[in-house]
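Novice: fold the following.
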Amino acid sequence: MLGHPVHPALVHFPIALLLSATIADVAWVTGITSNTQIAAVMMAAGLTAGLLAMGAGMVDVIKLDESIMPHAVRHMSIVSLAWLGYGIALYLRRDSLSGNVAIATPTVAVSIVSALLLALGGWLGGRLVYTFGAGVESIRR
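Specialist: A predicted model of the protein is given here:
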């Protein structure tokens, strides 16, 4: 947008929402809270925001130099797996969207694995920018 890549501006929302959903799951498992609905709502919002971020990423990726495409594909693959994992976790807890319903241990496990994948994918995205300069134009004076 206006010469700037949109994807880096959008990724913070799904990352924050999805990781917060996993934190809410861990809080439920440890007994800190009995509310399972908040994690489901954050997952639904994070998955929606993730679609917007992924769409913007697809637009931005066509502008990348061919030499960093393998790194971009790794980033996209891992983040997509994380998004799919959160989608599965949300499906498994679909009843908690409408009310506070107990969730099964495998649902929380999928959430935790998805969080780890998301963190790895985010780190790889950071490497694209800070190591390889993806989306960064040099300033000439």
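
Novice: so where's the chain uncertain?
Specialist: 1-4, 137-141 (pLDDT under 70).

Novice: can you give me the helices in this structure?
Specialist: 7-10, 12-29, 37-61, 69-92, 105-130 (DSSP state H).

Novice: which strands and helices sit next to the first one?
Specialist: Going back to what we said before, that points to helix 7-10. Here helix 7-10 touches helix 37-61, going by 3 or more C-beta pairs under 8 Å, 6 or more residues apart in numbering; DSSP states H and E. (Glycine included, C-beta is placed from N, CA and C.)

Novice: which residues does L116 contact?
Specialist: Under the criterion of C-beta atoms under 8 Å, 6 or more residues apart in numbering, L116 has no neighbours.

Novice: again, only this time at 10 Å
Specialist: T22, I78, A82, G85 (C-beta atoms under 10 Å, 6 or more residues apart in numbering).

Novice: just to revisit the earlier point, for G99, find the nearest of the helices of the chain.
Specialist: Closest to G99 of these, according to C-beta to C-beta: helix 37-61, at 6.3 Å.

Novice: list the buried residues for the closest one?
Specialist: 37-40, 42-47, 49-50, 53-54, 56-57, 60-61 (16 or more other C-beta atoms under 10 Å).
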